[in-house]
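Chemist: from the sequence below, what's the structure:
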Amino acid sequence: MNKITVHMTKEALYDFLLFHAYSKFSGFLINILGLAVAFSGIWLYVSGQTGMAGIVLYLAASAVFLGSMPLQLYLRAKKQVGLHPEYSASAEYVFSEEEGICVTQGDMERHYRWEDIQRAVVTPKTIGIYYETERALIIPKQDFGEQFVEIFQMIARHLGRNNMRMR
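Modeler: Got it, this is the predicted structure:
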């Protein structure tokens, strides 16, 4: 049995939201669209079909496409950590081979059996443990402390290699 205290930060939540957004096809399409706009502007400028003002507008539109999603996700992470108790208050996580994961926050306690956990993702700053298709326990890696390897191995044993995604 391993116990950790989780303190969500806006940086960790932002990292997870970036992964969640850009691991989907729609996130990929936004990047393609932004790059296509930039390349179109460059092509039109080089071929003489637009002037300096045109290329500036194309590159500005490209920057909006490419930069708006990360900016929106950063603002969302900042807001959620500040407003939602599930992110703003610390929580105790107990990882057990037999019981699964027990999360205690204030006077609320939730249990997640290993059989109910669908998958886990590892991002540069977090581990997300999905208990529903679009809902996950998000744990900043720094909160695992010395127990990171032991808990990570426990998660991997119960979920299997096919249900683990690492970035």
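
Chemist: CA only for contacts and neighbour counts going forward, please
Modeler: OK.

Chemist: how about the helices in the chain?
Modeler: 10-22, 25-46, 52-83, 85-88, 148-159 (DSSP state H).

Chemist: ok, and which of these has the densest surroundings?
Modeler: helix 10-22 (a mean of 19; mean count of other Cα atoms under 10 Å).

Chemist: distance of residue 133 from residue 46?
Modeler: For residue 133, the distance to residue 46 (Cα to Cα, to the nearest Å) stands at 46 Å.

Chemist: repeat that for residue 58.
Modeler: 13 Å.

Chemist: over to residue 67?
Modeler: For residue 67 relative to residue 46 (Cα to Cα), the value is 25 Å.

Chemist: export the helices of the chain to TSV and tack on mean pLDDT?
Modeler: Formatted as TSV, those follow (pLDDT from 0 to 100):
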stretch	mean pLDDT
helix 10-22	93
helix 25-46	92
helix 52-83	94
helix 85-88	85
helix 148-159	93
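
Chemist: show me the domain layout of the protein.
Modeler: As recorded under automatic domain parsing, the domains making up the chain are 2-8+88-166, 10-83.

Chemist: now the longest one: how far from the chain's centre is it?
Modeler: Between the mean C-alpha location of domain 2-8+88-166 and the chain-wide mean there is a distance of 14 Å, by Cα atoms, centre = their mean, to the nearest Å.

Chemist: then the shortest one?
Modeler: What separates the centre of domain 10-83 from the centre of its chain is 17 Å, taken as Cα atoms, centre = their mean.

Chemist: span of it from start to end?
Modeler: Span of domain 10-83 from end to end, Cα to Cα: 11 Å.

Chemist: now do the residue lying farthest from the centre of the chain against residue 158, distance only.
Modeler: The centre of the chain is farthest from one residue, residue 48, which by Cα atoms, centre = their mean lies 42.2 Å away. According to Cα to Cα, residue 48 and residue 158 sit 60 Å apart.

Chemist: residue 66 too?
Modeler: Distance from residue 66 to residue 158, by Cα to Cα: 38 Å.

Chemist: and residue 19, by the same measure?
Modeler: Taking Cα to Cα, one finds residue 19 at 23 Å from residue 158.

Chemist: now do residue 56
Modeler: Residue 56 is 53 Å from residue 158, by Cα to Cα.
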